[in-house]
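Asks: have a look; sequence and predicted model below, questions after that.
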Amino acid sequence: MTELSLSEIVGRLRTQIELHRRQEAFHAEQEALHRDRRAVHAAELEALTRNLAALEAAAATAVELASRPAPALPAAEPLPELGKRLTLPRMIDRVLGEKAPGHPFGAAELTAEINRRFRNALRRPLSPRLVSIALRRMSAAGKLQDIRKGRPHYEALYSRLP
């Protein structure tokens, strides 16, 4: 056995105690730091998991909606009988025949309806300008009633006569 004096033994023990105190304090700091970081990561993990679940649910719904058969488009207006030429005033008359008297309409609305109904008979879609000219002429001839005169920032409105 080695012979150590009592003062040497006490000195060594105090050195070891101090070392272990410092190590305990260091690891307590690390534990607090890791606890804070763990809380941050746990909150982020929860938010990401919730968003991923919502995204997957939305994607599943979108796939289901996209896989449904598309509704059939309404049948296009039949072509005119042989010998009758399809003119813009005739197309306008057909569309206006379904509108209630006094119901206001403009060139843009009428153009969209004509282009939808007569898409098979038209070489290219009509422009609202052409329809507007035809409506002005029909109004001047007394076939339509003016509701509002057109201005550069809004279109003219017309209605069918009763």
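Replies: Perfect, thanks for sending it. Residues are numbered from 1 along each chain as shown.
Asks: give me the domain ranges for this protein.
Replies: 1-71, 88-160 (automatic domain parsing).
Asks: can you list the ones you listed in CSV and add mean neighbour count and mean pLDDT?
Replies: Where you see a C-beta, it was placed from the backbone N, CA and C, and this is true even at glycine. Shown next, in CSV, are the domains of the chain (neighbours: other C-beta atoms under 10 Å; pLDDT from 0 to 100):
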stretch, mean neighbour count, mean pLDDT
domain 1-71, 9, 89
domain 88-160, 15, 90
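Asks: and the residue nearest the centre of the chain, how close does it get to Leu55?
Replies: Compute the mean C-alpha point of the chain, and by C-alpha atoms, centre = their mean the closest residue is Ala62, 12.5 Å away. Distance, Ala62 to Leu55, by C-beta to C-beta, to the nearest Å: 10 Å.
Asks: over to Arg12?
Replies: Distance from Arg12 to Leu55, by C-beta to C-beta: 63 Å.
Asks: which helices and strands does the helix or strand where Arg90 lies pack with?
Replies: Using DSSP states H and E, Arg90 sits in helix 88-96. With contacts defined as 3 or more C-beta pairs under 8 Å, 6 or more residues apart in numbering; DSSP states H and E, helix 88-96 has these neighbours: helix 107-117, helix 128-140.
Asks: export these as TSV, with columns for distance to Arg85.
Replies: Output for those, formatted as TSV (distance: least, C-beta to C-beta, whole Å):
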stretch	distance to Arg85
helix 107-117	15
helix 128-140	15
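Asks: how about those helices, which one is nearest Glu8?
Replies: For those, the distance to Glu8 is smallest for helix 107-117, at 103.2 Å, taking C-beta to C-beta.
Asks: I'd assumed Leu110 was in contact with Leu135.
Replies: Yes. In this structure, Leu135 is within contact of Leu110 by C-beta atoms under 8 Å, at 7.2 Å.
Asks: identify the contacts common to the two.
Replies: When contacts are counted by C-beta atoms under 8 Å, 6 or more residues apart in numbering, Leu135 and Leu110 are jointly contacted by Ile92.
Asks: could you export stretch 49-65 as PDB, CA atoms only?
Replies: The C-alpha trace of stretch 49-65 is given here as PDB (Å, rounded to 0.1, in the frame of the first residue of the first chain):
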ATOM      1  CA  THR A  49     -47.700  16.400 -39.200                       C
ATOM      2  CA  ARG A  50     -51.000  18.300 -39.000                       C
ATOM      3  CA  ASN A  51     -50.300  20.100 -42.300                       C
ATOM      4  CA  LEU A  52     -49.200  17.000 -44.000                       C
ATOM      5  CA  ALA A  53     -52.400  15.200 -42.900                       C
ATOM      6  CA  ALA A  54     -54.500  18.100 -44.200                       C
ATOM      7  CA  LEU A  55     -52.600  18.100 -47.500                       C
ATOM      8  CA  GLU A  56     -53.100  14.400 -48.000                       C
ATOM      9  CA  ALA A  57     -56.800  14.700 -47.300                       C
ATOM     10  CA  ALA A  58     -57.100  17.600 -49.800                       C
ATOM     11  CA  ALA A  59     -55.200  15.600 -52.400                       C
ATOM     12  CA  ALA A  60     -57.400  12.600 -51.900                       C
ATOM     13  CA  THR A  61     -60.500  14.700 -52.300                       C
ATOM     14  CA  ALA A  62     -59.000  16.400 -55.400                       C
ATOM     15  CA  VAL A  63     -58.200  13.000 -57.000                       C
ATOM     16  CA  GLU A  64     -61.700  11.800 -56.200                       C
ATOM     17  CA  LEU A  65     -63.300  14.900 -57.800                       C
END
